[in-house]
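Enquirer: just need the structure, nothing else, for what follows:
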Amino acid sequence: MKKKLVVMFLVLALVLANTGYSMYAASAAKIDNSIQLVSQKVRKENSKQISTVIDRTAMETKDWDDPDLKLKVRWNGVNFYEFVLPNGKTIVMDPYFDTEPPGGHNEYNYTPTDLPAGEWVNGADYIVLTHGHFDHVDDLDSVLQSYPKAHVIAPEHAMPSIMWELKLEYSKHYFHEAAAIDKLSFDGFTMETARSNHNLSKPPVADQMNITKYTDSDGNLDFYKLYRTIYEREIMNMRITTDEGFSILIWNSEMQPDGYGFEDRAWFYKDSKPDLFMYQVAGASLGYDRRNPNCKHMGEWIASIDAAAALPEHQQHFSYDELDAMAGEFSEICNEQKVDTVFLTPETGKWFGYTKDANGNVKVYQLNNAPTK
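Expert: Model prediction:
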């Protein structure tokens, strides 16, 4: 009996020891897995791409027909951009070629060709007009002459003056008036819009209307003049999302260095994390001093969007070096905010391509074998 009890005690001790070891081993495995997960997280955070400015002279390249490209982009001076989607559809934005010599309306003339806009563009399935000023719409007619079936999207109240100034017949083209808050669906992409207002050319001051600007020779109100002045300034900000999931946020309104301006629809852009963000470098957004720009507030605003990549808009008032310098300041602010936006100052007339991998990482390349005109 005693021998049996001893044997049973020994067996029970072995079972308990084995169970304890198994529990210890399981706990150790959990701890080891936790350490590995933390290590992987740290490695991931340490390997996260920092915000920087791309060196145009040392860019990687891809061929025009590379299937990995999610977007192709070309800047043609002022705010004239072209976008080619993976399905081959082309979006033209703000067609206008600056014909003045440098130092005229604009400090720099970045027009890349002597061809008319309609002969220069690489197709035009869609034309988006951010607002109605001449330096955003004046070559619309040229593009429509070459591509009469193009769909034209513009702020709803800007459309009448655009048509009248360019003498376009409303019933002869596909015009789409975008509302203040709207969502439009097209072949290959959707476009969401948010209305805002044009930047101020000078700091706000107390004033009184110059009524002679809005009256006829008899002193009566010329309502068209008043209407045009107001609604040419109606800005159409937009978020374009391709069917492949590549997103482009285009914000054309004013960002003031003192924190004020037309930023009242922050829900449209804040923390929106677009793959490509396009920001306007208007003098009003930089302290009204283009040669000594105040980049602080605009840099903080760009960081609040948390984009993967960024391009400037309406940059004809600056040299390439000045644009790179501003992008450098923006990237420093992004790094302070732990935002890894990559900035590119595009060279006029050249095509650039964007890729996006399964993990959402975006890269930009200069394109080889692009169509030439």
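
Enquirer: so where's the stretch 251-373 of the chain shaky on pLDDT?
Expert: Applying pLDDT under 70 to the stretch 251-373 of the chain flags residues 254-263.

Enquirer: swap in 90 and give it another go.
Expert: Applying pLDDT under 90 to the stretch 251-373 of the chain picks out residues 252-266, 282-289, 297-298, 371-373.

Enquirer: all strands for it, in order.
Expert: 276-280, 309-313, 342-343, 351-356, 362-368 (DSSP state E, counting those that start in this stretch).

Enquirer: and residue 230, what pLDDT?
Expert: In this model, residue 230 is scored at 94, pLDDT.

Enquirer: residues touching the residue nearest to it when sequence neighbours are not counted, list them.
Expert: By the measure of C-beta to C-beta, 6 or more residues apart in numbering, the closest residue to residue 230 outside its immediate chain neighbours is residue 157, 8.0 Å from it. All C-beta spots, glycine's among them, are computed from the backbone N, C-alpha and C. Residue 157 is in contact with 230, 231, 234, counting by C-beta atoms under 8 Å, 6 or more residues apart in numbering.

Enquirer: now for the second one: which residues touch it?
Expert: With contact set as C-beta under 8 Å, 6+ apart, residue 231 has these partners: 132, 155, 157, 158, 160, 161.

Enquirer: ok, now residue 190?
Expert: Contacts of residue 190 by C-beta under 8 Å, 6+ apart are 183, 184, 240, 241.

Enquirer: that older thread, out of the contacts of residue 231, which is nearest to residue 76?
Expert: Nearest to residue 76, judged by C-beta to C-beta, of those is residue 132 at 19.2 Å.

Enquirer: which SS state does the closest one fall under?
Expert: Secondary structure, DSSP: H, G, I helix; E, B strand; the rest coil: residue 132 is coil.

Enquirer: that one: how many residues sit nearby?
Expert: 26 (other C-beta atoms under 10 Å).

Enquirer: how much space between it and residue 324?
Expert: Distance of residue 132 to residue 324, given as C-beta to C-beta, to the nearest Å: 31 Å.

Enquirer: same question, residue 133
Expert: Noted for residue 133: a distance of 27 Å to residue 324, by C-beta to C-beta.

Enquirer: can I get the strands of the stretch 251-373 of the chain in TSV including distance to residue 210 and mean neighbour count?
Expert: Formatted as TSV, these follow (distance: least, C-beta to C-beta, whole Å; neighbours: other C-beta atoms under 10 Å):
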stretch	distance to residue 210	mean neighbour count
strand 276-280	27	24
strand 309-313	30	22
strand 342-343	40	24
strand 351-356	44	22
strand 362-368	46	19
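
Enquirer: please consider this matter closed, and thank you.
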